[in-house]
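[1] This is the structure alone, sequence omitted:
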(Lines give C-alpha, C1' and ligand atoms only; values in the text may rest on other atoms or scores of the structure.)
Protein backbone atom coordinates (compact mmCIF):
# COMPACT_ATOMS: atom_id res chain seq x y z
CA UNK A 1 0.00 0.00 0.00
CA UNK A 2 1.37 3.39 -0.94
CA UNK A 3 2.01 5.75 1.92
CA UNK A 4 -0.58 8.51 2.10
CA UNK A 5 0.55 12.04 2.68
CA UNK A 6 -0.70 13.54 5.92
CA UNK A 7 -3.41 16.10 5.27
CA UNK A 8 -2.77 19.72 6.23
CA UNK A 9 -6.16 20.05 7.97
CA UNK A 10 -8.13 17.24 9.62
CA UNK A 11 -11.63 17.38 11.09
CA UNK A 12 -12.75 14.68 13.54
CA UNK A 13 -16.52 14.33 13.77
CA UNK A 14 -18.97 12.39 15.90
CA UNK A 15 -22.54 12.72 17.13
CA UNK A 16 -22.30 15.36 19.85
CA UNK A 17 -18.68 16.62 19.73
CA UNK A 18 -18.48 15.83 23.44
CA UNK A 19 -16.41 12.62 23.70
CA UNK A 20 -14.88 10.91 20.66
CA UNK A 21 -14.10 13.80 18.32
CA UNK A 22 -12.56 16.13 20.95
CA UNK A 23 -10.47 13.19 22.23
CA UNK A 24 -9.27 12.42 18.69
CA UNK A 25 -8.50 16.08 17.95
CA UNK A 26 -6.45 16.40 21.16
CA UNK A 27 -4.54 13.19 20.40
CA UNK A 28 -3.82 14.35 16.84
CA UNK A 29 -2.74 17.81 18.04
CA UNK A 30 -0.45 16.26 20.66
CA UNK A 31 1.20 14.01 18.06
CA UNK A 32 1.58 16.54 15.25
CA UNK A 33 1.70 19.90 17.03
CA UNK A 34 1.33 22.84 14.69
CA UNK A 35 2.45 20.91 11.59
CA UNK A 36 -1.22 20.29 10.71
CA UNK A 37 -4.50 21.94 11.64
CA UNK A 38 -7.09 19.89 13.50
CA UNK A 39 -10.68 20.56 14.46
CA UNK A 40 -13.69 18.68 15.75
CA UNK A 41 -17.44 18.93 15.30
CA UNK A 42 -20.65 17.04 15.90
CA UNK A 43 -23.92 16.50 14.13
CA UNK A 44 -25.58 18.01 17.20
CA UNK A 45 -23.99 19.93 20.07
CA UNK A 46 -23.70 18.11 23.38
CA UNK A 47 -22.07 18.95 26.68
CA UNK A 48 -18.40 18.10 27.23
CA UNK A 49 -18.27 14.73 28.96
CA UNK A 50 -16.30 14.73 32.22
CA UNK A 51 -15.28 11.09 31.80
CA UNK A 52 -13.65 12.08 28.50
CA UNK A 53 -11.83 14.89 30.32
CA UNK A 54 -10.66 12.44 33.02
CA UNK A 55 -9.48 9.82 30.51
CA UNK A 56 -7.44 12.42 28.64
CA UNK A 57 -6.00 13.91 31.85
CA UNK A 58 -4.59 10.46 32.65
CA UNK A 59 -2.25 10.78 29.67
CA UNK A 60 -1.47 14.45 30.29
CA UNK A 61 -3.87 16.03 27.78
CA UNK A 62 -6.31 18.72 28.86
CA UNK A 63 -9.59 18.96 26.93
CA UNK A 64 -11.49 20.68 29.76
CA UNK A 65 -11.80 23.94 27.79
CA UNK A 66 -13.26 22.24 24.71
CA UNK A 67 -16.60 23.72 23.69
CA UNK A 68 -18.71 21.31 21.62
CA UNK A 69 -19.98 22.67 18.31
CA UNK A 70 -21.89 21.44 15.29
CA UNK A 71 -20.68 21.28 11.70
CA UNK A 72 -22.79 24.38 10.99
CA UNK A 73 -21.31 26.34 13.91
CA UNK A 74 -17.79 25.38 12.84
CA UNK A 75 -18.58 26.44 9.28
CA UNK A 76 -19.89 29.81 10.50
CA UNK A 77 -16.97 30.30 12.87
CA UNK A 78 -14.01 29.33 10.69
CA UNK A 79 -15.24 27.53 7.60
CA UNK A 80 -14.95 23.88 6.69
CA UNK A 81 -11.54 24.05 5.04
CA UNK A 82 -10.38 20.52 5.77
CA UNK A 83 -8.53 18.05 3.52
CA UNK A 84 -9.81 15.09 5.51
CA UNK A 85 -12.90 14.49 7.64
CA UNK A 86 -12.58 11.47 9.93
CA UNK A 87 -15.99 10.35 11.13
CA UNK A 88 -16.28 8.34 14.32
CA UNK A 89 -20.03 7.59 14.35
CA UNK A 90 -22.54 6.57 11.66
CA UNK A 91 -24.51 9.82 11.89
CA UNK A 92 -21.36 11.91 11.53
CA UNK A 93 -20.35 9.82 8.53
CA UNK A 94 -23.66 10.48 6.79
CA UNK A 95 -23.35 14.20 7.55
CA UNK A 96 -19.78 14.34 6.21
CA UNK A 97 -20.77 12.56 3.01
CA UNK A 98 -23.55 15.14 2.53
CA UNK A 99 -20.98 17.91 2.99
CA UNK A 100 -18.73 16.53 0.25
CA UNK A 101 -21.29 17.78 -2.26
CA UNK A 102 -20.05 21.28 -1.52
CA UNK A 103 -16.77 20.74 0.40
CA UNK A 104 -13.72 19.23 -1.31
CA UNK A 105 -12.61 16.88 1.46
CA UNK A 106 -11.85 13.19 1.71
CA UNK A 107 -13.95 11.28 4.25
CA UNK A 108 -12.80 8.27 6.25
CA UNK A 109 -15.04 6.32 8.62
CA UNK A 110 -13.41 4.96 11.77
CA UNK A 111 -16.15 3.08 13.64
CA UNK A 112 -15.60 4.01 17.28
CA UNK A 113 -17.69 2.73 20.19
CA UNK A 114 -19.74 5.22 22.19
CA UNK A 115 -18.40 4.94 25.76
CA UNK A 116 -21.35 6.87 27.22
CA UNK A 117 -23.53 3.75 27.01
CA UNK A 118 -21.30 1.85 29.45
CA UNK A 119 -23.01 1.21 32.77
CA UNK A 120 -21.54 0.18 36.09
CA UNK A 121 -19.15 1.69 38.58
CA UNK A 122 -17.20 4.87 37.91
CA UNK A 123 -14.11 2.74 37.17
CA UNK A 124 -16.01 0.49 34.74
CA UNK A 125 -17.39 3.52 32.94
CA UNK A 126 -13.97 5.20 32.84
CA UNK A 127 -12.49 2.00 31.39
CA UNK A 128 -14.82 2.39 28.38
CA UNK A 129 -13.45 5.90 27.78
CA UNK A 130 -9.87 4.67 28.18
CA UNK A 131 -10.55 1.99 25.57
CA UNK A 132 -11.85 4.61 23.12
CA UNK A 133 -8.87 6.88 23.86
CA UNK A 134 -6.43 4.05 23.27
CA UNK A 135 -8.20 2.92 20.08
CA UNK A 136 -8.08 6.48 18.71
CA UNK A 137 -4.40 6.76 19.66
CA UNK A 138 -3.63 3.60 17.65
CA UNK A 139 -5.76 4.67 14.67
CA UNK A 140 -4.10 8.09 14.51
CA UNK A 141 -0.64 6.57 14.83
CA UNK A 142 -1.34 3.91 12.20
CA UNK A 143 -3.17 6.17 9.72
CA UNK A 144 -0.59 8.94 9.86
CA UNK A 145 2.51 6.77 10.47
CA UNK A 146 5.70 7.76 8.76
CA UNK A 147 4.68 11.37 8.46
CA UNK A 148 6.71 14.14 10.08
CA UNK A 149 5.59 15.13 13.54
CA UNK A 150 5.68 18.36 15.44
CA UNK A 151 6.43 17.01 18.91
CA UNK A 152 9.02 14.28 18.47
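    Perfect, thanks for sending it. These figures come from a predicted structure and were not determined experimentally.
[2] could you give the mean pLDDT of stretch 121-134?
    Mean pLDDT, computed over stretch 121-134, is 98.
[3] okay, and the helix or strand of the chain with the least pLDDT?
    helix 71-78 (a mean of 90; mean pLDDT, DSSP states H and E).
[4] Report the buried residues of whichever strand or helix holds residue 138.
    Residue 138 belongs to helix 122-143 when assigned by DSSP states H and E. Of the residues in helix 122-143, those buried by neighbour count under the rule 16 or more other Cβ atoms under 10 Å are 125-130, 132-133, 135-137, 139-140, 143. Any C-beta I mention is one placed from the backbone N, CA and C, and that applies to glycine too.
[5] What lies in contact with the least confident helix or strand of the chain?
    With contacts defined as Cβ atoms under 8 Å, 6 or more residues apart in numbering, helix 71-78 is touched by 11, 13, 39, 41-43, 45, 69, 80, 95, 99.
[6] For residue 107, identify the helix or strand it belongs to.
    Counting by DSSP H and E, residue 107 is found in strand 106-109.
[7] So which elements touch the helix holding residue 138?
    On a contact count with 3 or more Cβ pairs under 8 Å, 6 or more residues apart in numbering; DSSP states H and E, helix 122-143 meets helix 20-32, helix 50-57.
[8] and these as a markdown table, adding distance to residue 63?
    A markdown table is the format used below for the helices and strands packed on helix 122-143 (distance: least, Cβ to Cβ, whole Å):
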| stretch | distance to residue 63 |
| --- | --- |
| helix 20-32 | 5 |
| helix 50-57 | 5 |
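[9] can you put those in JSON lines and add distance to residue 113 and mean neighbour count?
    Output for the helices and strands packed on helix 122-143, formatted as JSON lines (distance: least, Cβ to Cβ, whole Å; neighbours: other Cβ atoms under 10 Å):
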{"stretch": "helix 20-32", "distance to residue 113": "9", "mean neighbour count": "24"}
{"stretch": "helix 50-57", "distance to residue 113": "13", "mean neighbour count": "18"}
